[in-house]
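Visitor: this one's sequence-less:
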């Protein structure tokens with residue numbers, strides 16, 4: 001608007017000057033005003049008398065009367081905004097407007113002349129390039145890629161600056177893309193965020209940056225290296241690399257533990273169990289309790305064959321069942337040395353909760369010899385006459401005997417066995433005393449409690465050998481009336497007794513559940529030839545333990561140690577038969593010993 005005001009003022013000044021000058025010279029103002037061509041005549045006279053005017057009217061203007069000229073000028077000025085520059089310059093008789101502007105701003109004069117004064121500003125902006133603007137007006141633009149772009153510099157300012165917001169971010173800041181580095185390895189790639197935003201127009205960044213950012217993935221914001229090696233990114237970054245920022249909350253909550261860390265078959269069992277659980281579920285107490293309860297003790301700690309028995313027993317037990325399973329553990333599960341000390345009296349399959357009851361019963365039912373053997377107490381070696389009684393007695397037996405003021409000799413269980421008729425010498429011997437009981441083997445035959453077999457003795461086949469088995473002991477004094485645990489047999493009457501000659505029978509007849517001893521010390525004096533044949537692999541399976549003795553071995557006790565079915569004189573340490581007993585020991589430092597004491601001709 002200022003330039004229009006300037007042109008209008010200038011225009012009126014020129015018109016007024018011309019009019020006054022012409023009017024003064026012509027001295028015929030009226031005629032000049034109305035006469036056609038008076039403008040040409042007047043300007044010619046002015047040039048002649050006043051001097052060359054700085055105007056050069058065209059023929060069309062010169063042909064006008066002054067009145068017509070003034071009227072036309074007033075009309076132009078009245079609507080000067082719609083008047084073209086060339087039209088105004090025609091009436092002014094000079095092109096100083098278009099020429100002056102062209103010289104100043106570098107726009108082609110012809111372009112300026114075709115513009116109206118009202119559109120002169122837009123004509124300038126639509127034709128003035130950024131490059132010319134910089135050169136003509138010494139304008140300095142910021143050092144940005146866009147301001148160094150030839151296309152931008154050669155664009156009119158009307159097009160260049162309004163469209164800046166449509167340009168990408170990388171037009172304003174230098175962004176080195178990964179592709180650029182591939183082409184030129186000397187370059188250094190820009191941060192991933194810049195690379196991701198580099199191709200985004202400014203208008204979008206300014207108007208909806210939040211949406212743009214939320215729609216970007218983590219991999220577009222930071223460098224994520226998925227290739228294995230020392231520079232590989234963390235598993236969490238790799239997992240999140242394709243997740244949008246707007247979805248991070250969901251992505252993190254649904255991320256599994258194996259997405260975050262490496263979990264293999266070599267990893268801890270707990271990690272393997274929760275490998276596919278989401279991080280959100282890991283914070284769920286109920287879920288984690290269920291997971292933990294489902295794992296075994298062996299999943300939490302490494303348990304080997306060298307560890308304590310209780311750990312080995314519970315290795316495969318789930319945590320949730322520990323409280324129940326612990327109560328079901330047995331002695332063998334817990335104690336590595338259950339064969340030591342008093343625990344050796346308790347069967348390995350005894351549950352922990354039953355130990356007090358079972359142990360109490362075991363101590364009550366165990367012989368003094370075994371209790372001494374396992375280290376419960378020390379016992380002075382009894383004399384030969386009472387050894388069988390003392391060693392085979394239980395604590396209860398001793399207490400009861402003490403309470404009844406009984407001597408050890410009164411606690412014996414001596415049984416004289418014979419075939420049909422007692423020999424006469426018995427009535428005259430110590431065997432004819434109240435402590436002795438008598439069993440006629442013939443009375444056991446009808447019930448099948450005893451049998452007679454043949455056996456080879458010193459290479460001579462011998463018939464009618466009495467075979468004593470467990471069945472015999474169970475019914476020794478009649479059907480269901482058992483032999484006592486400390487029974488000492490006194491064979492008389494030239495009879496032959498055999499025990500344990502059949503190791504293949506089912507059940508094996510060489511297996512016994514109590515201690516039995518044989519005393520032949522009276523036989524030689526009476527000339528009695530009774531013999532006891534001891535087979536091999538005699539198994540005494542009682543936990544009670546005790547004492548077994550063979551007295552008067554010479555000429556009366558024979559053995560078949562080599563299982564060749566020929567019994568020969570038993571010679572201690574030479575052809576002793578094999579007895580199998582439960583093995584016990586006092587402590588871990590003690591050697592194992594049988595829970596029975598076996599003696600030949602004790603002294």
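Guide: Thanks, I have it. On a predicted model such as this, the values are computed, not experimentally measured, just so you know. Numbering: from 1, shown residues only.
Visitor: next one: stretch 467-474 to chain centre, how far?
Guide: Centroid separation for stretch 467-474 versus its chain: 63 Å, with CA atoms, centre = their mean, to the nearest Å.
Visitor: Contacts for it next, please.
Guide: The contact list for stretch 467-474 (CB atoms under 8 Å, 6 or more residues apart in numbering) reads 444, 448-453, 480, 482-483, 487, 497-499, 501, 507, 509, 511-514, 516. Glycine gets a C-beta too; all of them are placed from N, C-alpha and C.
Visitor: buried stuff in that stretch?
Guide: By neighbour count with 16 or more other CB atoms under 10 Å, stretch 467-474 contains the buried residues 467, 468, 469, 470, 471, 472, 473.
Visitor: Can you tell me which of the residues you listed end up in strands?
Guide: Among the buried residues of stretch 467-474, the members found in strands (DSSP state E) are 467, 468.
Visitor: with the buried residues of stretch 467-474 in mind, which one is nearest to residue 423?
Guide: residue 468 (19.6 Å; CB to CB).
Visitor: Next, count neighbours for the nearest residue to residue 362 once chain neighbours are set aside.
Guide: Distances taken as CB to CB, 6 or more residues apart in numbering place residue 345 nearest to residue 362, at 3.8 Å, with adjacent residues excluded. By other CB atoms under 10 Å, 25 other residues sit near residue 345.
Visitor: Just list whatever residues bridge to the nearest residue to residue 451 once chain neighbours are set aside.
Guide: For residue 451, ignoring the flanking residues on the chain, the nearest one in space by CB to CB, 6+ apart is residue 467 at 4.8 Å. Residue 467 forms beta bridges with residue 451, residue 498, as assigned by DSSP bridges.
Visitor: Pretty sure residue 180 sits against residue 187.
Guide: Yes - under the criterion of CB atoms under 8 Å, residue 180 makes contact with residue 187 at 5.5 Å.
Visitor: Relative to residue 578, how far out is residue 271?
Guide: To residue 578, residue 271 is 56 Å away according to CB to CB, to the nearest Å.
Visitor: go on, residue 254?
Guide: 72 Å.
Visitor: next one: residue 323
Guide: On the measure of CB to CB, residue 323 and residue 578 end up 47 Å apart.
Visitor: which ones are touching residue 156?
Guide: Residue 156 makes contact with 125, 126, 127, 128, 129, 130 under the criterion CB under 8 Å, 6+ apart.
Visitor: and the gap between it and residue 85?
Guide: 18 Å.
Visitor: The contacts of residue 156: which two are farthest apart?
Guide: Using CB to CB, the two most remote members of these are 126 and 130, lying 12.7 Å apart.
Visitor: which regions of the stretch 401-550 of the chain sit below the pLDDT cut-off?
Guide: 408-409, 501-509 (pLDDT under 70).
Visitor: one more time with 50, if that's ok
Guide: Across the stretch 401-550 of the chain, the ranges flagged by pLDDT under 50 are 503.
Visitor: could you pull out the strands for it?
Guide: 413-418, 436-440, 451-457, 460-468, 487-491, 496-499, 511-512, 516-519, 531-534, 538-540, 546-551 (DSSP state E, counting those that start in this stretch).
Visitor: one step back: and which of the buried residues of stretch 467-474 is nearest residue 440?
Guide: Top of the list for closeness to residue 440, among those and by CB to CB, is residue 472 at 12.9 Å.
Visitor: how close does the residue most central in space within the chain sit to residue 193?
Guide: What sits nearest the mean C-alpha location of the chain, by CA atoms, centre = their mean, is residue 271, with 0.4 Å. According to CB to CB, residue 271 stands 34 Å off from residue 193.
Visitor: again, but for residue 305
Guide: Here residue 305 is placed at a distance of 57 Å from residue 193 (CB to CB).
Visitor: higher neighbour count, these two?
Guide: The neighbour comparison of residue 305 against residue 193 (other CB under 10 Å) goes to residue 193, with 14 against 5.
Visitor: I'd assumed the more buried one was in a helix, is it?
Guide: Yes - under DSSP: H, G, I helix; E, B strand; the rest coil, residue 193 falls within a helix.
Visitor: so it touches residue 222, yeah?
Guide: Yes - distance between residue 193 and residue 222: 7.2 Å, which falls inside the contact criterion (CB under 8 Å).
Visitor: No further questions, thank you.
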